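A.B. asks: coords below, sequence missing:
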């Protein structure tokens, strides 16, 4: 469920917008008012091995039920924001070859959803949607220009500059996880198949891979005794317990992220860099998370221009898993107000 409090229609500021956040496992759907308050929320299973049309149909059914349950008048809704992972052509509304949505290749997702819901749909990369959520309502709400990195299985990105998502000419803007941080011939290979990308070093997948390699080299660690499939959460918990290898992995991950952030900041020059996603080693609630952030900040300052070191903020995201649907609704709101 959403962590946002649900307000009744009587307390909402009109008009209303729908935010749809497509994930590999589930699709989050929220109804949001003009201030960003949530009136209703639901979720449906993605079923990535089934055709995308079936998922959009499930969204339509779930949305109708939620609107009825929350007593929301459908005529008050002005648009839908849709955030989705994967390679895409934003102007045509097409998903091209999303790696984790196996039966959704060459899928006209925007127009399909527009037809099912009967509302105009604003289509965006899921990283851009999450970034817009943090820009509008979260950690970046006081900053006109932000970059967001989403740290999870991969490393996603979003860039919002003065209210606009930087999508690029070919719908591949803001792919911050694919900046090159290692040009050596034996650089780690990213999930996209290319060597040296930030995602190959600083994603949860990379954290697990680097930890396994250290254990195979004979490094002593409590992580040797993990009987299930090793996860980044296992590394975070071991680090919190003082495990030397786990702490080393956390620090190395921070160093890699700092290199990527320097490259992005030197290109974009934002007010703020926001770190979202689940792979944050506990965030500000954890001593290891605070260590992780402090290390990123210090390494960033050591590698960038003095003015940028002084003026660029780096912090954790504030909205958690709600950023995607809130930001998608915000993008629909922006499109409605400034077509």
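C.D. replies: Great, that's in hand. Since we're looking at a predicted model, the values are computed, not measured. Numbers count the residues shown, from 1 in each chain.
A.B. asks: close enough to count as contact, residue 178 and residue 199?
C.D. replies: Yes. With contact defined as CB atoms under 8 Å, residue 178 reaches residue 199; the gap is 6.5 Å. Quick note: C-beta positions are derived from backbone N, CA and C, even for glycine.
A.B. asks: what's the overlap in contacts for these two?
C.D. replies: With contacts defined as CB atoms under 8 Å, 6 or more residues apart in numbering, the residues adjacent to both residue 178 and residue 199 are 190, 192.
A.B. asks: State the number of residues packed around residue 229.
C.D. replies: Residue 229 has 7 neighbours, counted by other CB atoms under 10 Å.
A.B. asks: neighbour-wise, which of residue 178 and residue 199 wins?
C.D. replies: Using other CB under 10 Å, the more surrounded residue of residue 178 and residue 199 is residue 199, with 29 against 20.
A.B. asks: Might you list the low-confidence residue ranges for the chain?
C.D. replies: Nowhere does the chain drop to pLDDT under 70.
A.B. asks: So which residues of the stretch 201-339 of the chain form helices?
C.D. replies: 204-216, 232-240, 244-268, 287-303, 306-311, 323-337 (DSSP state H, counting those that start in this stretch).
A.B. asks: Of the ones you listed, which is nearest residue 46?
C.D. replies: Smallest distance to residue 46 across these (CB to CB): 12.9 Å, for helix 323-337.
A.B. asks: how about the closest one: buried residues?
C.D. replies: Judged by neighbour count using 16 or more other CB atoms under 10 Å, the buried positions of helix 323-337 are 323-336.
A.B. asks: now it, how far from the chain's geometric center?
C.D. replies: Averaging C-alpha positions (CA atoms, centre = their mean, to the nearest Å) puts helix 323-337 15 Å from its chain's average.
A.B. asks: that older thread, take the helices of the stretch 201-339 of the chain and write them to TSV, including distance to residue 134.
C.D. replies: TSV is the format used below for those (distance: least, CB to CB, whole Å):
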stretch	distance to residue 134
helix 204-216	20
helix 232-240	21
helix 244-268	15
helix 287-303	15
helix 306-311	19
helix 323-337	6
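A.B. asks: Highest mean neighbour count out of these?
C.D. replies: helix 323-337 (a mean of 27; mean count of other CB atoms under 10 Å).
A.B. asks: Which elements pack onto it?
C.D. replies: strand 16-22, strand 26-32, strand 77-84, strand 121-125, helix 126-137 (3 or more CB pairs under 8 Å, 6 or more residues apart in numbering; DSSP states H and E).
A.B. asks: could these go into JSON lines alongside mean neighbour count and distance to residue 59?
C.D. replies: Putting the helices and strands packed on helix 323-337 into JSON lines (neighbours: other CB atoms under 10 Å; distance: least, CB to CB, whole Å) gives the following:
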{"stretch": "strand 16-22", "mean neighbour count": "29", "distance to residue 59": "6"}
{"stretch": "strand 26-32", "mean neighbour count": "24", "distance to residue 59": "6"}
{"stretch": "strand 77-84", "mean neighbour count": "26", "distance to residue 59": "9"}
{"stretch": "strand 121-125", "mean neighbour count": "27", "distance to residue 59": "11"}
{"stretch": "helix 126-137", "mean neighbour count": "29", "distance to residue 59": "15"}
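A.B. asks: can you tell which of these is closest to residue 4?
C.D. replies: Closest among these, once you apply CB to CB, is strand 26-32, at 7.7 Å.
A.B. asks: Would you pull up how far the helix or strand that that closest one is followed by lies from the middle of the chain?
C.D. replies: Downstream of strand 26-32, the next assigned helix or strand under DSSP states H and E is strand 38-45. Offset of strand 38-45 from its chain centre (CA atoms, centre = their mean): 18 Å.
A.B. asks: Check which element follows strand 38-45 along the chain.
C.D. replies: helix 52-69.
A.B. asks: Show me what counts as buried in that next one.
C.D. replies: Within helix 52-69, the residues scored as buried using 16+ other CB under 10 Å are 52-53, 55-56, 58-60, 63, 66-67.
A.B. asks: what angle do it and strand 16-22 make?
C.D. replies: 140 degrees (axes from the mean of the first three to the mean of the last three CA atoms, to 10 degrees).
A.B. asks: Which strands or helices does helix 52-69 pack on?
C.D. replies: With contacts defined as 3+ CB pairs under 8 Å, 6+ apart, the packing partners of helix 52-69 are strand 16-22, strand 26-32, strand 38-45, helix 109-117.
A.B. asks: Residues in a beta bridge with residue 41, which ones?
C.D. replies: residue 30 (DSSP bridges).
A.B. asks: That one touches residue 66, doesn't it?
C.D. replies: Yes. Counting by CB under 8 Å, residue 66 is a contact partner of residue 41 at 7.3 Å.
A.B. asks: Overlap of the contact sets of the two?
C.D. replies: Jointly contacting residue 41 and residue 66 under the rule CB under 8 Å, 6+ apart are 29, 31.
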